[in-house]
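*Asks:* here's my sequence, what's the structure:
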Amino acid sequence: MIKQAYFQGKNKKRRYFEGWYFKCISVDRKHAIAIIPGMAIDPQGKKHAFIQVINAVNGKTWYHHFPYSEFNARSDEFDVEIENNSFNAQGLSLNVDTAEGCIKGRLIFDTIHPFPTGPGHPGIMGPFGLLPFMECYHAIIHLYHEIKGDIELDGEILDFNGGVGYIEKDYGRSFPKTYLWLQASHFETRNASFVFSRANIPFLGIEFPGFFAYFTDFNGITQRFATYNFSRLKKWEVDTEKGTCAGELEGPNGALAFTAQMASGGRLRAPVDGLMDREIVESITAKVWVRLTNNHGDVIFESASSEAGMEICLDEGVASKQESE
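*Replies:* A predicted model of the protein is given here:
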């Protein structure tokens, strides 16, 4: 288990957030939800815990607010509790009934494919994840797992037996002001996992563009493209009005091309200096196409997914952009 999955904010006093992202897709693709437990500390040191939920089918979102006294997370293993709700690598249990809404149920995870760790396998941020004072840190916990159980969401029963899930997390002060994020696990041809992110990263008074992409089909094909392993983002295009993006990457072992189309999404709260008052739009039913080639130009994977996670957050004035990095 990657140690970044553990609670990192034990000694934080202000301007801090930490959240774990659980994506759940049913076997029939009729249900798609994301559940985000977390905590935040504002600039004055006021703390609270939360559980955010997004229902991709209707775009509805919930932000359940809890006193920080109800938050308990371990710093030596992945184990988070908020009031009567629990979250870990093996599953989650929900028992929320607030003025915001109601969500109850239990999901169990098996056939787990965690993000690889160990010597030579740093977290998805590579050496950047070891630098102090970064605005935001990102970690992938499960690339893929299967789900057993169901969830009752405002009176509707969502059956996730046989479904597929994914877990990641973010922690730090603020989400990047400008970023693009994609994640897909439901490809038409075979099980695989793909994640891509590009952000403008402020660090010690300067700002630089960084990116990573990770692909695996769990059957021997695994490739990583990132700023830190001298990969190149040869081309990327984003159109916020159309909700589309495309990119071409070259790395040590091959190349990857992708396109993505935003679907209807819901509004989630995101952190700015620990204040959960920024709104972002996330879809978890976006359409993503991926083609992976080896160093000889042979296509080793090509498929599409219609249950992908997608967020586009760009500064005004760069809604449509092409560049080579």
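*Asks:* residues contacting the residue nearest the centre of the chain?
*Replies:* Nearest residue to the geometric centre of the chain (Cα atoms, centre = their mean): residue 168, 4.9 Å. By Cβ atoms under 8 Å, 6 or more residues apart in numbering, the residues touching residue 168 are 20, 21, 138, 139, 140, 141, 183, 195. The C-beta positions use only the backbone N, C-alpha and C, and glycine is treated the same way.
*Asks:* correct me, but the fourth one touches residue 2?
*Replies:* To tie it back to what came earlier, the one meant is residue 139. Yes - counting by Cβ atoms under 8 Å, residue 139 touches residue 2, with 6.0 Å between them.
*Asks:* give the residues shared as contacts by these two.
*Replies:* In contact with both residue 139 and residue 2: 115, 123, using Cβ under 8 Å, 6+ apart.
*Asks:* low pLDDT regions in the stretch 151-300 of the chain?
*Replies:* Residue ranges of the stretch 151-300 of the chain with pLDDT under 70: 203-204.
*Asks:* need the strands for it, in chain order.
*Replies:* Taking DSSP state E, counting those that start in this stretch, the strands of the stretch 151-300 of the chain run over residues 156-159, 164-172, 179-184, 193-203, 206-216, 222-226, 232-239, 244-251, 254-261, 266-272, 275-294, 299-313.
*Asks:* okay, now residue 245: neighbour count?
*Replies:* When neighbours are counted by other Cβ atoms under 10 Å, residue 245 registers 25.
*Asks:* what separation do you get for it and residue 237?
*Replies:* 6 Å (Cβ to Cβ, to the nearest Å).
*Asks:* residue 284 now?
*Replies:* 22 Å.
*Asks:* quick one, which of the two is more surrounded?
*Replies:* The residue with more neighbours, out of residue 284 and residue 237, is residue 284; 25 against 14, by other Cβ under 10 Å.
*Asks:* which residues touch that one?
*Replies:* 23, 25, 32, 33, 34, 54, 56, 265, 307, 308, 309, 310.
*Asks:* name the nearest of these relative to residue 78.
*Replies:* For those, the residue nearest residue 78 by Cβ to Cβ is residue 23; the value is 16.1 Å.
*Asks:* the residue nearest to that closest one when sequence neighbours are not counted: neighbour count?
*Replies:* What sits nearest to residue 23 in space, not counting adjacent residues and going by Cβ to Cβ, 6 or more residues apart in numbering, is residue 166, at 4.4 Å. Using other Cβ under 10 Å, residue 166 is surrounded by 25 other residues.
*Asks:* what of residue 132?
*Replies:* Residue 132: 6 neighbours (other Cβ under 10 Å).
*Asks:* any idea how far residue 172 is from it?
*Replies:* 11 Å.
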